[in-house]
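> structure, please.
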Amino acid sequence: MIKTITYIKKNPILILLLSFPLVIMAEGGEWGELWVFTFSAIGVIPCAYYIGESTEVLAHYTGPRLGGLLNATLGNAAELIITIMAIRQGLLELVKASITGSILGNLLLVLGMAMLLGGIKNGVQTFDRRAASRNAILLVLTVIILLIPSLLSHYIGDVDPMPSMKVEALSLGVAGIMILMYGLGLLYSFREKDNPLAPKTEVGEVVKRHWSIKNTFLILAISTIGVAYLSEILVSVVEPVVARLGISEFFIGVIFIPLIGNVAEHLVSVQVAMRNKMTLSVEIAISSSLQIALFVSPILVFISLLFGHPLTLVFNQFELIALIAGVLIAALVSADGESNWLEGSELLAIYIILGLVFFLL
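Numbering: from 1, shown residues only. Model prediction:
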């Protein structure tokens, strides 16, 4: 009992696992869709955390090359599962909003919090200017690729209310090229340690886990099943919750889904910045955005075909403006290789303003 209490104190996120029985009680006791939505969302957070932890341990056992592949493919597993469940329910706008929200969340919210808290604690912080500039350029190019179907689809076929075959073909072609680029990026990252798609581990620090490989696979499997179970419940009550609260499905996708799926990774980036390791913090934020844009979004396009709800990479004008603004401001802030709490507060201010706009849409 004492060991359990000690372990919970070291890992307070374990307390959130109590949401599992609460979800079952809320469903069975007919507490209402809002409680089911809340408890299932809270339950995703510790599951996503343990997917990340088990992936780190596996990466430690398998070595840097295979470990880098594991980190790259499982880094956004929780959000990928949530969006797959949303596609299964036909909530395609929610899926596209979550893609936009994940990119914006990493570039504005996470990077902003890291610069704000890191700057308050350590003053002006420096990071690798060349790596930051190179990564920012890669991110700009990646987002441009992601936006091409949105900008040109109207000229080759109908988009609303149902996309034409040409628009679907364009999205599939772009998605295939993006996955190819992601694979080439991983191949390059095996040789270049400063590539943004490479695994981000702190130099000189060893992953300290007392899990065996068998237990690690078991934790990974249980966490993945937990995310899948809770995601299905979460997505099933989105429409009733939207109707009851009077908010848009778009707001839930662009703000709420990315937060619950990546909160553990967000905390890591902020903690690293407060330790005055800003280069690593910036790379975590940018690499996560790149993985969403180059891996998660194109994979979802192909997965959507299995459920009979074709997903296209055609975003609305609000998402396009937000993506362009988020990428440009993140590139400008990281161009000089220095950060401070004021720059962090500016990034957060832009994120809050965009969130307010999305809420009022």
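
> tell me how many other residues crowd the residue lying closest to E27 once chain neighbours are set aside.
Computed as C-beta to C-beta, 6 or more residues apart in numbering, the closest residue to E27 that is not its neighbour in sequence is V36, at 5.7 Å. Any C-beta I mention is one placed from the backbone N, CA and C, and that applies to glycine too. Residue crowding around V36 was assessed by other C-beta atoms under 10 Å; the count is 23.

> before we move on, what SS does V36 have?
Following DSSP: H, G, I helix; E, B strand; the rest coil, the label given to V36 is helix.

> looking at it, it is touching P240, isn't it?
No - the pair V36 / P240 is not scored as a contact, 9.1 Å apart, by C-beta atoms under 8 Å.

> that older thread, residues in contact with the residue nearest to E27?
By C-beta atoms under 8 Å, 6 or more residues apart in numbering, V36 lies in contact with 23, 26-27, 233, 237.

> which of those ranks first by neighbour count?
Of all these, V23 has the most neighbours under the rule other C-beta under 10 Å, reaching 24 neighbours.

> report the contact partners of the residue nearest to that one when sequence neighbours are not counted.
Across the structure, with C-beta to C-beta, 6+ apart as the measure, the residue nearest V23 apart from its sequence neighbours is F39 (4.4 Å). Contacts for F39 (C-beta under 8 Å, 6+ apart) come out as 19, 22-23, 26.

> all strands for this structure, in order.
With DSSP state E as the criterion, the chain has strands at 125-126, 338-339.

> now for these, which one comes closest to A228?
Ranking these by distance to A228, with C-beta to C-beta as the measure, places strand 338-339 first at 37.6 Å.

> local confidence estimate at T312?
If you check T312, the pLDDT there is 86.

> and the gap between it and Y182?
The spacing between T312 and Y182, counted by C-beta to C-beta, to the nearest Å, is 19 Å.

> hmm, back to that, would you mind finding the most buried of the strands of the chain?
Each of those was scored by mean neighbour count; the highest is strand 338-339, a mean of 22, by mean count of other C-beta atoms under 10 Å.

> got the contact list for it?
Counting by C-beta under 8 Å, 6+ apart, residues outside strand 338-339 touching it are 115, 118-119, 124-127, 278, 282, 333.

> mind listing what it pairs with, with the direction of each?
Sheet neighbours of strand 338-339, with direction, are listed as strand 125-126 (antiparallel) (DSSP bridges).

> which stretches of this structure have low pLDDT?
1-13, 59, 62-75, 157-164, 189-210, 264-265 (pLDDT under 70).

> before we move on, the earlier item: how near is the residue nearest to E27 to V140?
Distance, V36 to V140, using C-beta to C-beta: 40 Å.

> hang on, the earlier thing: among the contacts of strand 338-339, which ones are buried?
Among those, those classed as buried by 16 or more other C-beta atoms under 10 Å are 115, 118-119, 125, 127, 278, 282, 333.

> now do the buried residues in stretch 127-136.
When neighbours are counted by 16+ other C-beta under 10 Å, the buried residues of stretch 127-136 are found to be 127-128, 131-132, 135-136.

> contacts for that stretch?
Outside of stretch 127-136, the residues within contact range by C-beta under 8 Å, 6+ apart are 194, 196, 278-279, 281-283, 286-287, 290, 330-331, 334-339.

> PyMOL command for the buried members of the residues you listed?
The PyMOL command for the buried members of these (criterion: 16+ other C-beta under 10 Å) is given here:
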select buried, resi 196+278+279+281+282+283+286+287+290+330+331+334+337+338+339
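
> from the contacts of stretch 127-136, which land in helices?
In helices, judged by DSSP state H, the following of these are found: 278-279, 281-283, 286-287, 290, 330-331.

> about what we covered before: could I get the strands of the chain in a markdown table, plus columns for distance to S269?
Written out in a markdown table, the entries for the strands of the chain read as follows (distance: least, C-beta to C-beta, whole Å):
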| stretch | distance to S269 |
| --- | --- |
| strand 125-126 | 13 |
| strand 338-339 | 13 |
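
> tell me which of these lies nearest to K214.
Judged by C-beta to C-beta, the one of those that comes nearest to K214 is strand 125-126, at 40.8 Å.

> which one of the buried residues of stretch 127-136 is nearest to F302?
Minimum separation from F302 among these (C-beta to C-beta) is found for N135, which lies at 26.5 Å.

> measure the closest residue in space to G43 that isn't next to it in sequence to I350 for me?
In space, and not counting its chain neighbours, G43 is closest to S19: 3.9 Å by C-beta to C-beta, 6+ apart. Taken as C-beta to C-beta, the spacing of S19 relative to I350 amounts to 32 Å.
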